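>>> no sequence for this one, just the structure:
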């Protein structure tokens, strides 16, 4: 069961980054066929291969093995934002919020890619 979760998380992250199986396999130095088998839970990779996949995707082992992957990603972002705002004055926090709102607005209007 854990290997099916791992495979699904690898596939989801790869697709999120718009990488093909061939592209990710090349970064990890494995075959695209083997990567496909990992993503489908048919083959169990070595710990080294899993580590290399996480490095290539820029995610943690926790992300790869978590059954609640999206929640972890969101929680990590929230934690980083919280750390960023620690020890800021309310005026600085308001300024950062206003800039963030502007950026989100631009993204929503396809003005920033």
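Here it is on my side, so go on. Being a predicted model, the structure only gives us computed values, none of them experimental.

>>> from the chain's centre, how far out does the longest helix anywhere in the chain sit?
Across the chain, the helix with the greatest residue count (assigned by DSSP state H) is helix 90-108. Between the centre of helix 90-108 and the centre of its chain there are 23 Å (Cα atoms, centre = their mean, to the nearest Å).

>>> quick one: list the elements packing against that helix.
Contact analysis of helix 90-108 by 3 or more Cβ pairs under 8 Å, 6 or more residues apart in numbering; DSSP states H and E lists helix 69-85 as its packing neighbours. Using the backbone N, CA and C atoms, a C-beta is placed for each residue, glycine as well.

>>> sorry, back to before: rounded mean pLDDT for the longest helix of the chain, please.
Taken as a whole, helix 90-108 has a mean pLDDT of 88.

>>> and stretch 50-70, by the same measure?
Computed over stretch 50-70, the average pLDDT equals 86.

>>> repeat for stretch 4-24
93.

>>> okay, buried residues for that stretch please.
Burial within stretch 4-24, assessed by neighbour count using 16 or more other Cβ atoms under 10 Å, is assigned to 5-11, 13-14, 19, 21, 24.

>>> try stretch 33-41
In stretch 33-41, counting by 16+ other Cβ under 10 Å, buried: 34-39.

>>> take those and keep only those in strands.
Among these, no member falls in strands (DSSP state E).

>>> closest to residue 54 out of these?
When these are ranked by distance to residue 54 (Cβ to Cβ), residue 38 comes first, at 12.4 Å.

>>> can you pull the pLDDT of the closest one?
pLDDT, read off for residue 38, is 96.

>>> re the thing from before, adding distance to residue 66, write the buried residues of stretch 33-41 out as CSV.
Shown next, in CSV, are those (distance: Cβ to Cβ, whole Å):
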residue, distance to residue 66
34, 23
35, 20
36, 22
37, 21
38, 16
39, 16
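
>>> of these, which belong to helices?
34-39.

>>> domain boundaries for the protein, per the record?
2-65, 69-108 (automatic domain parsing).

>>> which of these sits most buried?
domain 2-65 (a mean of 16; mean count of other Cβ atoms under 10 Å).
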